[in-house]
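**Q** output the structure for:
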Amino acid sequence: EVRLVESGGGLVQAGGSLRLSCAASGFTFDDYAIGWFRQAPGKEREGVSCITTDGIPYYADSVKGRFTISSDNAKNTFYLQMNSLKPYDTAVYYCAAEFGGWGTPDYWGQGTQVTGSS
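**A** The predicted model follows:
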């Protein structure tokens with residue numbers, strides 16, 4: 001059974017940092033692209049960052065230079081380091097995994113709230 005469990009969300013002042021973690025089980029990162037989406041109140045879910053099966057990271061323009069995605073294959077856990085947080089980063093963040101490619105994830109975590117206060 002595939003499971004993704006996020007942790008690390010919270011309330012942080014603008015300019016602060018948080019690190020989200022996603023503990024994965026039931027699959028290996030060799031075959032799955034992994035990444036993060038977010039959904040702000042009243043808005044559609046949007047892609048934030050991902051790592052392809054080739055190990056190449058991608059970022060949405062809105063987070064480039066501030067967020068970093070990484071993975072620890074030994075722990076089957078991946079991360080999203082978020083620096084210089086802004087109020088518009090406020091959203092529920094979801095980790096996700098997709099077999100082979102990236103676009104329509106096969107599996108989702110339950111979500112974790114990130115709130116950037118001004």
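
**Q** contacts only, for the residue nearest to the spatial centre of the chain.
**A** Nearest residue to the geometric centre of the chain (Cα atoms, centre = their mean): W36, 2.6 Å. Counting by Cβ atoms under 8 Å, 6 or more residues apart in numbering, W36 touches 20, 22, 47-50, 69, 80, 93-96. In short, each C-beta sits where N, CA and C put it, glycine included.

**Q** swap in I34?
**A** 22, 24, 50-51, 71, 78, 95-97.

**Q** include pLDDT and secondary structure when you put the contacts of W36 into TSV, please.
**A** Listed next are the contacts of W36 as TSV, based on pLDDT from 0 to 100; DSSP: H, G, I helix; E, B strand; the rest coil:
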residue	pLDDT	secondary structure
L20	98	strand
C22	98	strand
G47	97	strand
V48	98	strand
S49	98	strand
C50	97	strand
I69	98	strand
L80	98	strand
Y93	98	strand
Y94	98	strand
C95	98	strand
A96	98	strand
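
**Q** scan these and report the most crowded one.
**A** Ranked by the number of neighbours (other Cβ atoms under 10 Å), those place C95 first, at 29 neighbours.

**Q** distance of that one relative to S117?
**A** 23 Å (Cβ to Cβ, to the nearest Å).

**Q** next one: Y93
**A** Noted for Y93: a distance of 16 Å to S117, by Cβ to Cβ.

**Q** repeat that for G109.
**A** For G109, the distance to S117 - Cβ to Cβ - is 24 Å.

**Q** next one: R3
**A** Counting by Cβ to Cβ, the gap from R3 to S117 is 31 Å.

**Q** what's the answer for K86, then?
**A** For K86, the distance to S117 - Cβ to Cβ - is 10 Å.

**Q** anything in contact with each of those two?
**A** The contact sets of K86 and S117 overlap at A14 (Cβ under 8 Å, 6+ apart).
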